[in-house]
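**Q** All I have is the shape, not the residue letters:
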């Protein structure tokens, strides 16, 4: 099955919505189940077989955990079963993620996303926070909901299980808001993200580049990644909202963050929530975590010792997040960098409070700029193949600040018209994100306004994607940067 951006996939999703609302309310939940099954099978039988195995393991494991809880089984039995299930789930994910080339295996679509979602479901059943449905098809739909597979978001049973397994009435507000969100996703992906791809390629040629070009190019890569990833999520959230299923938010304007911690509360929100709920909190609340806190309190003082286990667990989690992006040194450096920043900020919280700038006006803007300065070094390791290339570019950033070839350098990458389109797209993105930052539920509120305001915006987004979207030979506009993860 092709990408969500392909004409076939758009027809596929619209066809699902049409069939969904054509059937009686009580059986509508079967429509996304059938379409999800079709999507997975059309994406490859090997991936389909693995996903079915994961769904079956999740259903049987959930039922077994619930049965042990009902019988009042010993805690070690329930923990042992959960550990075995997680080992099979996450071990299988790691094996397929990092060993496919060596063994000639095909990676299933959405491997990381449905594996994390299944693991979270089993942990929630163990904790008594999620039911274990008797009907396996309900678990199959929750795990294999096809709109989530390409690049998330990662949902919990509480967020999504009930929504998927009940029928939703036709509500014009959901149709309008979903369609608008989908158009905005197309705009971000096709008009901005794909247009900025040549800038990233120019940084990887191995040529000596002016420092200002490297710095600007890395900053534009960060914007490209944001518009690519969040654009794709907007598209699937929009399609899903058109059938009344609201997927969780995965981005909340991360480049308006006023700290690194705030940035990670806004970036890939569902992944961060998964690690906090299922890794961070269990680690810090474990016997080892509590003992570590007591020992650190004796060495570092009561206040620092109390947060030391959390800081150490945060470093560990970000190393895992880095490795999730790839089994290479750049991924380790990327995760370790953010983990150290976050951990140190926790330990030095008292110092930061004295240096903290007010959250108003120009001073708040300085907080945002400071966050950008802290985020940018990690981006050098996000798109480069190895540390040598990353460090070379980082070194070039501090040399060659001669602006005599400014125009020639940029136009060698893209024609002036392309830069104008990219600049206009980024300006529109900034304006919309700024409005969304200050107006709650901006997309839904805009979709509910009068037609004279709504329709011009829709027509503009459609024409912008069709006229200014990047297409053509040698350019795969359907490829998302985060699909590989």
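**A** Sure thing, it's come through. No experiment lies behind these values; they were computed from the predicted model shown. Numbering: from 1, shown residues only.
**Q** Give me the below-cutoff pLDDT ranges for the stretch 301-450 of the chain.
**A** Low-confidence segments of the stretch 301-450 of the chain (pLDDT under 70): 350-361, 450.
**Q** which stretches of it form helices?
**A** 302-325, 329-347, 349-355, 361-379, 387-396, 406-413, 416-438, 442-447 (DSSP state H, counting those that start in this stretch).
**Q** Save the ones you listed as JSON lines, and put in mean neighbour count and distance to residue 251 too.
**A** In this view, the C-beta of every residue, glycine as well, is placed from N, C-alpha and C. Output for these, formatted as JSON lines (neighbours: other C-beta atoms under 10 Å; distance: least, C-beta to C-beta, whole Å):
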{"stretch": "helix 302-325", "mean neighbour count": "19", "distance to residue 251": "16"}
{"stretch": "helix 329-347", "mean neighbour count": "20", "distance to residue 251": "17"}
{"stretch": "helix 349-355", "mean neighbour count": "10", "distance to residue 251": "25"}
{"stretch": "helix 361-379", "mean neighbour count": "15", "distance to residue 251": "14"}
{"stretch": "helix 387-396", "mean neighbour count": "16", "distance to residue 251": "25"}
{"stretch": "helix 406-413", "mean neighbour count": "13", "distance to residue 251": "27"}
{"stretch": "helix 416-438", "mean neighbour count": "15", "distance to residue 251": "10"}
{"stretch": "helix 442-447", "mean neighbour count": "17", "distance to residue 251": "12"}
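**Q** Quick one, which of the ones you listed gets closest to residue 117.
**A** Residue 117 lies closest to helix 302-325 among those, at 14.2 Å (C-beta to C-beta).
**Q** for the closest one, packing partners?
**A** Under the contact definition 3 or more C-beta pairs under 8 Å, 6 or more residues apart in numbering; DSSP states H and E, helix 302-325 sits against helix 269-275, helix 281-285, helix 287-300, helix 329-347.
**Q** now do 7 Å
**A** Of the remaining helices and strands, those touching helix 302-325 by 3 or more C-beta pairs under 7 Å, 6 or more residues apart in numbering; DSSP states H and E are helix 281-285, helix 287-300, helix 329-347.
**Q** re earlier: how about the helices of the stretch 301-450 of the chain in TSV, adding distance to residue 133?
**A** Formatted as TSV, those follow (distance: least, C-beta to C-beta, whole Å):
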stretch	distance to residue 133
helix 302-325	29
helix 329-347	35
helix 349-355	43
helix 361-379	41
helix 387-396	47
helix 406-413	53
helix 416-438	36
helix 442-447	30
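**Q** Which among those is found nearest to residue 240?
**A** Of these, nearest to residue 240 by C-beta to C-beta is helix 442-447, at 13.5 Å.
**Q** re earlier: go through the helices and strands packed on helix 302-325 and name the closest to residue 46.
**A** Here helix 329-347 is closest among the helices and strands packed on helix 302-325 (C-beta to C-beta), at 25.6 Å.
**Q** who touches the closest one?
**A** The contact list for helix 329-347, computed with C-beta atoms under 7 Å, 6 or more residues apart in numbering, reads 260-261, 304, 307-308, 310-312, 314-315, 318-319, 321-323, 325, 352, 374, 377-378, 381-382, 384, 386-387, 390.
**Q** Same question for stretch 79-97.
**A** With contacts defined as C-beta under 7 Å, 6+ apart, stretch 79-97 is touched by 54, 57, 61, 64-65, 68, 105, 107, 111-112, 115, 118-119, 122-123, 126.
**Q** Could you work out which of the helices of the stretch 301-450 of the chain reaches nearest to residue 199?
**A** It's helix 406-413; of those, that one is closest to residue 199 (C-beta to C-beta) at 5.8 Å.
**Q** what angle separates that closest one from helix 416-438?
**A** On the basis of axes from the mean of the first three to the mean of the last three C-alpha atoms, to 10 degrees, helix 406-413 is oriented at 90 degrees to helix 416-438.
**Q** Just the buried subset of the contacts of stretch 79-97, written out for ChimeraX, thanks.
**A** Provided next is the ChimeraX selection string for whichever of these are buried by 16 or more other C-beta atoms under 10 Å:
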select :54,57,61,64,65,68,107,111,112,115,118,119,122,123,126
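**Q** now, which of the contacts of stretch 79-97 lie within helices?
**A** 54, 57, 61, 64-65, 68, 111-112, 115, 118-119, 122-123, 126 (DSSP state H).
**Q** Give me the buried stretch members for stretch 15-23, please.
**A** 16-17, 19-21.
**Q** got the residues you listed as TSV, with pLDDT and distance to residue 411 columns?
**A** Shown next, in TSV, are the buried residues of stretch 15-23 (pLDDT from 0 to 100; distance: C-beta to C-beta, whole Å):
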residue	pLDDT	distance to residue 411
16	95	44
17	94	44
19	95	49
20	96	49
21	95	50
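**Q** Skip the chain neighbours and tell me the closest residue to the residue nearest the centre of the chain.
**A** Nearest to the mean C-alpha position of the chain, by C-alpha atoms, centre = their mean, lies residue 268 at 3.7 Å. Excluding the flanking residues, the one nearest residue 268 by C-beta to C-beta, 6 or more residues apart in numbering is residue 250, at 6.3 Å.
**Q** shouldn't that neighbour be in contact with residue 151?
**A** No. The criterion here is C-beta atoms under 7 Å, and residue 250 misses it with residue 151 at 8.7 Å.
**Q** Overlap in contacts, the two.
**A** With C-beta under 7 Å, 6+ apart, residue 250 and residue 151 have common neighbours residue 233.
**Q** Check which element follows the longest helix belonging to the chain along the chain.
**A** Taking DSSP H as the criterion, the chain has its longest helix at helix 211-241. Under the assignment DSSP states H and E, the closest C-terminal helix or strand after helix 211-241 is helix 260-266.
**Q** buried set for that following helix?
**A** Applying 16+ other C-beta under 10 Å to helix 260-266 flags 260-264, 266 as buried.
**Q** Just name the closest of the residues you listed to residue 282, please.
**A** Of these, the one sitting nearest to residue 282 (C-beta to C-beta) turns out to be residue 264, at 19.1 Å.
**Q** what residues are up against that closest one?
**A** residue 272.
**Q** can you check residue 247 too?
**A** Contacts of residue 247 (C-beta under 7 Å, 6+ apart): 148, 153, 155, 236-237, 240.
**Q** Distance of it relative to residue 227?
**A** From residue 247 across to residue 227, the span is 19 Å (C-beta to C-beta, to the nearest Å).
**Q** From residue 348, how far off is the closest residue to residue 298 other than its chain neighbours?
**A** Among residues not flanking residue 298 along the chain, residue 305 sits closest, at 7.0 Å (C-beta to C-beta, 6+ apart). Distance from residue 305 to residue 348, counting by C-beta to C-beta: 14 Å.
**Q** what's the answer for residue 74, then?
**A** From residue 74 to residue 348 the distance is 43 Å (C-beta to C-beta).
**Q** Between those two, which is the more surrounded one?
**A** residue 348 (14 against 10; other C-beta atoms under 10 Å).
**Q** Give me the neighbour count for the closest residue to residue 313 other than its chain neighbours.
**A** Of all residues not flanking residue 313 in the chain, residue 283 sits nearest, at 4.3 Å (C-beta to C-beta, 6+ apart). By the criterion of other C-beta under 10 Å, residue 283 has 18 neighbours.
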